[in-house]
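> return atomic coordinates for the entry below.
(2 chains)
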Amino acid sequence: MKLIFIRRNILSISFSKISEIISVFFLILLFLSVLYEVIARTIFNQPTIWANELVGYFLVSASFIGSSYVLRHNKHLVIDLLISKLNKKLKIIFELIANLISFFFCFFVFIYGLKLVQISFILGVVSVSELRIPLWIPKLVIPLSFLFLSLEFLLIIKKKIILLKIR
Amino acid sequence: MIIFSIFLIIIVILTIGVPVGIGLGISGILLSMYLEGTKTLISIPQTIFSSGNSFLLSAIPLFILMSEILKKANIIQILFDTVNKFVGNLRGGLAITTIITSAIGASITGSSVANAASMCIVAADPMIKMGYKRNFTYGLIAVSGTLGILIPPSIPMLLFASVTNESVGKLFLAGIIPGLVLTFILCLYVIIFPNLKSKSKKLIINYTFAEKILSIKKAIPALFLPILIIGGIYMGLFTPTESAAVGVAYALFAGFFFYKTLKIGDLFGIFRESLHSTCMITLLIAGSMILGHAVTSLKIGDDLIILIQQLNLSNLEFVLAIMLLLFVIGCILEVISIIYIIVPILYPILVSMSIDPIWFAILFVVNMEIALITPPIGMVLYVIAGIVKRPISEVISGTIPFILVLVFFIFVLILFPQIVSILKF
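You can find the predicted model right below:
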């Protein structure tokens, strides 16, 4: 029993690590692309056709995939003015409710995000630029990252339930 | 009635501790389901996708990255010491140093929260040791930290421009003079009311001219950064996003080769730190946009225009009324959500009343500075309370006089719109 618990912890840690690394990767890519665009345009007078479009996708990828990692480190904006004043048990109950609500939202976006990707795929929607990228590829980021977020919220919920049982 | 219940829902969801971005998104979904049934739900992930899919908004992580690099290179401390050598001996010297350093810090960061946080780390202890009252110290750091969004670069201005299709360059440029004027007003305030404890000893250190020159030399690479960013945008060399990337490259260069305080090993950590703010902001944008879309379909704007015509409001009365409204909303909502939810309603009215949108944007930003330091939702208050590990009430009591200063400043800007329009493309 204990072993399973530890193994699950390792799983959850590595999963947050993955989202962190992917996200940092896209952030670096974003920076380098914009920098490349400036240099190509101002110095060599040869603007790229891809930077403008891809940078937007990089921003979506970096920020939403990283969201679950940021959630793990508790760095999303939360207003805890009221909650921090409650007694411990009530606090845990409130946090449990808040995390459940958040989980449902993220899971909802995950499901409808899959639908969005499916629709874009079936209709063969491509970007309006010269690149004509099939839009289901960048849109895949939405269901993926909200799946990550849902899982992260589930982990928090599990932790809160254990805390509640202990008390 | 609908507006009231939506507000109630937002407040309930947010106070039980749902992350703000998600809470706003949920309120948006509920509202659009109430208005148009379940068929609009499929557009929610699309809204989230397009909220981040923007070349302009890519400037946000880059500006964050830039200030994280400079923070790691310990630039604020260097600036603080330099400024202190020049104004430290004046009446209220250390307080003036704090204000001026914040203003310079504001020109190398786009966020008030980041600016106030790095100022707090550098200035809080020296000021208290010098004998300034605690609440005054925290209040001063809070208010001068909020200069971050008035003096360019500024993330809220970027978002304002993105919502209204105004030019980022024009907004950035328009923020410079008001920023300097506000800096001056704050300095005047602390000269008149230094708030030193009566028993504090006055410490006068006279620096030689050579020492001053030496410290200026150390500060110059940091001081050049805002010139590079704003000058580059102004001269049409680069777009705001590009200027942010150039700023990052420059900051890396200065940190590695000039200050030599940056190490290769720091880089991953810097990227990770910037990820925190970036993801927090984009989730907020996504949620605010979902709610914003739903609110737009309520057509509150049309009702407002009719109301204005019925009341026969002049432009001045209208602007004053909006400032009051924003002040109240600023207590409950945070800046980014206000931009995405309220500004789309207001903007068409501004245009129809032929109010200069750039001037209004500056008034708006100053109002948001107040929003950042008014409870219950004033992000700068929390950041400072968190860093100094003191009760938040102490910080709040310190900011009250400065909120009055900012309100006064809004009136100054309304009476003298030239302050905004003096620098123009």
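> for chain B, which residue is closest to the average position?
The centroid of chain B falls nearest to residue B:149 when counting by Cα atoms, centre = their mean (2.8 Å).
> measure that one to chain A for me?
Counting by Cβ to the nearest Cβ, to the nearest Å, the separation of residue B:149 from chain A is 16 Å. In this view, the C-beta of every residue, glycine as well, is placed from N, C-alpha and C.
> residue A:78: which element?
Using DSSP states H and E, residue A:78 falls within no helix or strand.
> alpha carbons of stretch A:50-59, as PDB, please.
Output of stretch A:50-59 as PDB, limited to C-alpha atoms (Å, rounded to 0.1, in the frame of the first residue of the first chain):
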ATOM      1  CA  TRP A  50       6.700  32.100 -40.200                       C
ATOM      2  CA  ALA A  51       7.600  34.100 -37.100                       C
ATOM      3  CA  ASN A  52       4.400  36.100 -36.700                       C
ATOM      4  CA  GLU A  53       2.200  33.000 -36.800                       C
ATOM      5  CA  LEU A  54       4.300  30.500 -34.900                       C
ATOM      6  CA  VAL A  55       5.100  32.800 -32.000                       C
ATOM      7  CA  GLY A  56       1.400  33.000 -31.200                       C
ATOM      8  CA  TYR A  57       1.300  29.200 -31.100                       C
ATOM      9  CA  PHE A  58       4.400  29.100 -28.900                       C
ATOM     10  CA  LEU A  59       2.800  31.500 -26.500                       C
END
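> chain center to it, what's the gap?
Relative to the centre of its chain, stretch A:50-59 is centred 18 Å away, using Cα atoms, centre = their mean, to the nearest Å.
> check stretch A:69-81 too.
The chain centre lies 13 Å from the centre of stretch A:69-81; the measure is Cα atoms, centre = their mean.
> buried residues of that stretch, list them for me.
Within stretch A:69-81, the residues scored as buried using 16 or more other Cβ atoms under 10 Å in any protein chain shown are A:69, A:70, A:71, A:72, A:75, A:76, A:77, A:78, A:79, A:80.
> what's the closest non-adjacent residue to residue B:123?
Counting by Cβ to Cβ, 6 or more residues apart in numbering or on different chains, residue B:123 lies nearest to residue B:98, which is 4.4 Å off, once chain neighbours are set aside.
> do you know how far that neighbour is from residue B:407?
According to Cβ to Cβ, to the nearest Å, residue B:98 and residue B:407 sit 21 Å apart.
> so what's residue B:146 up against?
Counting by Cβ atoms under 8 Å, 6 or more residues apart in numbering or on different chains, residue B:146 touches B:112, B:115, B:116, B:369, B:372, B:373, B:380, B:406.
> check whether the helix or strand where residue A:153 lies comes near chain B.
Using DSSP H and E, residue A:153 sits within helix A:141-166. Yes - under the criterion of Cβ under 8 Å from any Cβ of the partner chain, helix A:141-166 makes contact with chain B via A:141, A:142, A:143, A:146.
> quick one, what contacts the first one?
Taking Cβ under 8 Å, 6+ apart as the criterion, residue A:141 is in contact with A:57, A:60, A:61, A:64, A:65, B:49.
> same question for the host helix or strand of the third one, mean pLDDT?
If I follow you right, that is residue A:61. Using DSSP H and E, residue A:61 maps to helix A:51-72. Taken as a whole, helix A:51-72 carries a mean pLDDT of 93.
> now do it against helix A:141-166, angle only.
Interaxial angle, helix A:51-72 versus helix A:141-166 (axes from the mean of the first three to the mean of the last three Cα atoms, to 10 degrees): 10 degrees.
> quick one on the thing from earlier: residue B:98 and residue B:407: which has the busier surroundings?
For residue B:98 versus residue B:407, the count of surrounding residues by other Cβ atoms under 10 Å in any protein chain shown is larger for residue B:98: 30 against 15.
> return the distance of that one relative to chain A.
26 Å.
> do residue B:300 as well
Taken as Cβ to the nearest Cβ, the span from residue B:300 to chain A is 24 Å.
> and that residue, what is it in contact with?
Counting by Cβ under 8 Å, 6+ apart, residue B:300 touches B:3, B:345.
> start and end of stretch B:229-244, how far apart?
7 Å (Cα to Cα, to the nearest Å).
> returning to that earlier point: check the contacts of residue A:141 against residue B:11 and report the nearest one.
Proximity of the contacts of residue A:141 to residue B:11 was ranked by Cβ to Cβ; the top entry is residue A:64 with 26.2 Å.
> for that closest one, which non-adjacent residue is closest in space?
Sequence neighbours aside, residue A:145 is the residue nearest to residue A:64 in space, at 3.8 Å (criterion: Cβ to Cβ, 6+ apart).
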